[in-house]
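J.: From the sequence below, what's the structure:
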Amino acid sequence: QVQLLESGGGSVQPGGSLRLSCVGSPSGYTLSGYILAWFRQAPGKEREFVAGIRWTGGSTTVSDSLKGRFTISRNSAENTIYLQMNSLNPEDTALYYCAAKRGVAILTTSSPYSDWGPGTQVTVSS
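T.: Residues are numbered from 1 along each chain as shown. Sure thing, here's the model as predicted:
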């Protein structure tokens with residue numbers, strides 16, 4: 001089981017940027033063979049896929065609606081993935097979760113992901 005912890009959330013004005021981090025532990029635990037992903041959930045809405053990355057090889061998928069603004073990346077040495085979010089708008093306000101699953105397919109529904117972090121809040125307002 002992978003333990004995940006997100007950080008980097010906060011409040012930002014429209015047009016601003018944030019970078020979220022998610023570290024997988026225990027330290028040194030290999031994430032080879034895992035898919036790590038970001039999901040978000042706004043109040044009253046369903047959990048939504050944001051982006052995912054295959055740990056082995058580093059291939060990525062970003063939600064079509066967020067391409068061009070959001071980027072996912074990883075630091076293998078630190079067991080960490082990142083979500084760079086640019087040109088934020090109020091519709092991006094949500095609790096952002098990091099999730100992990102074994103396998104090779106970056107799936108965009110939440111149920112296949114077995115491990116979840118507690119989430120980090122992102123609020124975009126003026």
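
J.: Please count neighbours and contacts with C-alpha atoms only from this point.
T.: Will do.

J.: Now for G117: which residues touch it?
T.: Residues near G117 by CA atoms under 8 Å, 6 or more residues apart in numbering: Q3, L4, L5, E6, Y97, C98, A99.

J.: at 10 Å what do you get?
T.: 2-7, 22-24, 38, 96-100 (CA atoms under 10 Å, 6 or more residues apart in numbering).

J.: what's the farthest-apart pair in the residues you listed?
T.: V2 and Y96 (17.5 Å; CA to CA).

J.: ok so, going back, may I ask which of the contacts of G117 has the most neighbours?
T.: C98 (31 neighbours; other CA atoms under 10 Å).

J.: helix or strand right after the helix or strand where that residue lies?
T.: Using DSSP states H and E, C98 falls within strand 94-102. Per DSSP H and E, the first helix or strand lying C-terminal to strand 94-102 is strand 115-116.
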